[in-house]
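Visitor: Return atomic coordinates for the entry below.
(one chain, ligands or ions: 1)
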Amino acid sequence: MSKIISLCKRRGFIFQSSEIYGGFGSCYDFGPLGTEMKNNIKKAWWDEMIKNHENIVGLDAAILMSPKVWQASGHLTAGFADELVECKSCHKRFRTDEVKGQKCPECSGSLMASRKFNLMMKTFVGPVENEAAATYLRAETCQGIYVNFENILNSMRLKIPFGVAQIGKAFRNEITPGDFIFRTREFEQMELQWFCHPKDAKKYFNFWQKERLKWYLNLGIKKENLRIKEVPEKERPHYAREALDLEYKFPFGWKEIEGIHNRGEWDLSNHSKYSGRDLRYVDEETKAKYFPNIIETSGGADRSFLAFLCDAYTEVKGGRAKKINLLLPPSLSLGRTKTTKATKEIEILLKLHKDLAPIKVAVLPLVRNKPELVKKAREVYQLLKPHFICQYDELGSIGRRYRRGDEIGVLYAITVDFETLKNDDVTIRNRDTMAQERVKIENLIEVLKEKLEN
Ligand code: GAP
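Guide: As a prediction, the model looks like this:
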C-alpha cells in the first residue's frame, strides 16, 4: 500500500489535505491526475446509469438540508452510530469491533465501557450558533432524492419502476478513519435509488447486484479481487431489510466498496410521517396507492478510485522490455525502440482501463535538442489537445519518458522522430503491449478515436 500512496503523491493523484500546515487528519485532495481519474470514474458511473438503463434520471441536491430530514431518516438516533471504547489513559477512541481484549491498542491503558457515538457532522447555519440554527452535513446523498420524490415524479412524468441517480459529497465523523482514502470523514458517493412496486423488490435487488458487479468487471477490476458478501441481519444498516456488500480485495484485506440495500418503504413512509405529505404512489391504471420500495446501490467514488488504482498497479521486476524480449525471437521486434529497454530494477505500470486513465495520449519528440522535431511535436500536440486529454513531454531520454507515462497509465505515446519530418507520420506506442505502429499525422485523430472510443 505504501508504494501506491507514494505514487499518488509523487505523480499528482492524491495529496494530504492542508499539508503545509502539517496535514488535516483523514482529509485528502485529489491532484491534477487524481481529479481527471475521479471524474472519469464518475462519468463511467453516470453513463452507466443514465445511458445504459431506461427510466433513470439525475439529481444534484444540496448538502445542507432541514434537520428534520435526519430525524425522519433515523440518522440522529441510535441507528447511525458506531460502538466505541475510550482509553482511560490517553483518551483515544476506537471502534469496539476493532479492539481485541480490554487494553488500549496505543498505550495499553484500560478501556472504558463501550458506548454509542453518532456519526452525523453538526454545523450551524446563519449568524447565531444555537440549537435553532443547527443542522448536519449530509451523511448519505440519497436523502436528497427521497425528499424530492414527489417533485421528480411530477416534473418528469415517471412511472414505477424508475430510478434517480446522484453523485455528491457525504460526511461522517468516523471514529477511526484510515487506510489512506478508504475511510475518510468527507467522501463522495455515487448512489442510485430505484423505486419499485413492493412485489418486485426482491427481483430488482437481485438485478442491481448483478449490474453493479458487471460495471466493476467491465472497467477492468480482476474477477478474483471482487466478491459479494451478504450482510447478516444484526449488522445491517437501520433502514435495510436486505443488504449486500460488494467487496474488493485491497492490500489491507477484503473491504466494502459499495452497499446494495433493499430499503423497503422505510424512507418514504418516514418522510411522509415527519413532513405530513402523502408520498404514496398512485397507480394510474389500478388506482392502488402504496409506498414504493427502494432498492439502492451506493458506491463510494473514493473507495472505487482506490480499488481501480490497486488493481491497475503492476510492478515489473527487471524491466518490461527485457522480459518480453526474452520471450520473443530476435527477428520479432514488434517495432520496439531500443530505448524502451529497461534500465531500472522495477518498472511500474498502471494498467488502468482506457475510460479511467487520466491521460490518454502523450506526445514526445524523439530528442529535444533538434528544434525541427520539437516544433513538429508541438504541432501534433496542439492538433490532438482539443480531442483527448493529452500531455507533451520532452524531458529525459525517450525510454525514460515512456516509463514515466506507463507509471501514470498513459494509454498511447506518440513519438515524433526523424522519419516524421520526411513522411509526415508518427509512431503510436501501446502502453500495455509496447507495440508500435506508424500512422500518418492526417489520420492520427481518427486512429486514436477508434482505439479510445471502442
Ligand atoms: N445510502 C447508503 C449508504 O450510504 P453505506 O454502506 O453507509 O450506505 C455506501 O455507504 C458507500 O459509501 C460505501 O460502500 C463506501 O464506498 C462509501 N463510504 C461510506 N463511508 C465512507 C467513508 N467514511 N469514507 C469513504 N467512503 C465511504
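Visitor: In PDB, list the C-alpha atoms belonging to stretch 117-129.
Guide: Output of stretch 117-129 as PDB, limited to C-alpha atoms (Å, rounded to 0.1, in the frame of the first residue of the first chain):
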ATOM      1  CA  PHE A 117     -21.200   7.500  19.100                       C
ATOM      2  CA  ASN A 118     -23.300   9.300  16.400                       C
ATOM      3  CA  LEU A 119     -21.600   9.900  13.100                       C
ATOM      4  CA  MET A 120     -23.500  12.900  11.900                       C
ATOM      5  CA  MET A 121     -21.400  16.100  11.500                       C
ATOM      6  CA  LYS A 122     -23.200  19.000  13.100                       C
ATOM      7  CA  THR A 123     -22.900  22.600  11.800                       C
ATOM      8  CA  PHE A 124     -24.700  25.900  12.200                       C
ATOM      9  CA  VAL A 125     -26.400  28.000   9.600                       C
ATOM     10  CA  GLY A 126     -26.800  31.700   9.900                       C
ATOM     11  CA  PRO A 127     -25.100  34.200  12.300                       C
ATOM     12  CA  VAL A 128     -26.200  32.600  15.600                       C
ATOM     13  CA  GLU A 129     -24.800  29.400  16.900                       C
END
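Visitor: how about it against the ligand, any contact?
Guide: No - contact of stretch 117-129 with the ligand (C-beta under 6 Å from any ligand atom) is absent, the minimum separation being 8.5 Å. All C-beta spots, glycine's among them, are computed from the backbone N, C-alpha and C.
Visitor: buried sites along that stretch?
Guide: Neighbour-count burial for stretch 117-129, counted by 16 or more other C-beta atoms under 10 Å, picks out 117-121.
Visitor: Tell me how many other residues surround the residue of the chain found nearest the ligand.
Guide: Evaluated by C-beta to the nearest ligand atom, the chain has residue 300 as its residue closest to the ligand, separated by 2.3 Å. The number of residues packed near residue 300 is 23, by other C-beta atoms under 10 Å.
Visitor: Could you double-check that residue 24 sits in contact with residue 177?
Guide: No - between residue 24 and residue 177 there is no contact, the gap being 11.2 Å when judged by C-beta atoms under 8 Å.
Visitor: In contact with residue 48, which residues are there?
Guide: By C-beta atoms under 8 Å, 6 or more residues apart in numbering, the residues touching residue 48 are residue 215.
Visitor: With neighbour numbers in mind, choose between residue 24 and residue 177.
Guide: Neighbours were tallied for residue 24 and for residue 177 using other C-beta under 10 Å; the higher tally belongs to residue 177 (18 against 13).
Visitor: so residue 357 sits in a strand?
Guide: No - using DSSP: H, G, I helix; E, B strand; the rest coil, the assignment for residue 357 is coil, not a strand.
Visitor: Next, the contact list for the nearest residue to it once chain neighbours are set aside, please.
Guide: On the basis of C-beta to C-beta, 6 or more residues apart in numbering, the spatially nearest residue to residue 357 that is not a chain neighbour turns out to be residue 409, at 4.2 Å. Each residue near residue 409 by C-beta under 8 Å, 6+ apart is listed here: 312, 350-352, 356-359, 431.
Visitor: repeat for residue 280
Guide: For residue 280, the contact set (C-beta under 8 Å, 6+ apart) comprises 268, 272, 289-291.
Visitor: rerun that using 6 Å as the cut-off
Guide: Listed by C-beta atoms under 6 Å, 6 or more residues apart in numbering, the contact partners of residue 280 are 289-291.
Visitor: ok, and the most crowded of the residues you listed?
Guide: Counting neighbours by other C-beta under 10 Å, residue 291 leads the contacts of residue 280 with 21 neighbours.
Visitor: residue contacts, that one?
Guide: Applying C-beta under 6 Å, 6+ apart, we find residue 291 in contact with 265, 268-269, 280.
Visitor: Of those, just say which sits nearest to residue 43.
Guide: The nearest member of these to residue 43, counting by C-beta to C-beta, is residue 268 at 29.7 Å.
Visitor: How many residues are close by that closest one?
Guide: Residue 268 has 24 neighbours, counted by other C-beta under 10 Å.
Visitor: Residue 76 too?
Guide: 19.
Visitor: For the chain, which residues score under the pLDDT cut-off?
Guide: Applying pLDDT under 70 to the predicted model, the residue ranges of the chain that meet it are 78-79, 321-344.
Visitor: Quick check: residues of it near the ligand?
Guide: The chain has residues 140, 142, 172, 174, 183-184, 187, 189, 191, 256-259, 296, 298-300, 302-303 near the ligand, with proximity defined as C-beta under 6 Å from any ligand atom.
Visitor: Can you select the buried ones from those residues in ChimeraX?
Guide: Typed into ChimeraX, the line below selects the buried ones among these, using 16+ other C-beta under 10 Å:
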select :140,142,172,174,183,184,187,189,191,256,257,258,259,296,298,299,300,302,303
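Visitor: Leaving out the residues flanking it, which one is nearest to residue 176?
Guide: Sequence neighbours aside, residue 95 is the residue nearest to residue 176 in space, at 5.2 Å (criterion: C-beta to C-beta, 6+ apart).
Visitor: what's near enough to touch that neighbour?
Guide: For residue 95, counting by C-beta under 6 Å, 6+ apart, the contacting residues are 82, 84, 175-176.
Visitor: Apply 10 Å and report the result again.
Guide: When contacts are counted by C-beta atoms under 10 Å, 6 or more residues apart in numbering, residue 95 is found next to 82-85, 114, 117, 174-176.
Visitor: And residue 415, by the same measure?
Guide: By C-beta under 10 Å, 6+ apart, the contact list for residue 415 reads 337, 339, 362-366, 373, 377, 380, 398, 401-402, 426-429, 436, 438.
Visitor: ok, and the closest non-adjacent residue to it?
Guide: If you skip the residues right next to it in sequence, residue 415 has residue 427 as its closest partner in space, 4.6 Å away by C-beta to C-beta, 6+ apart.
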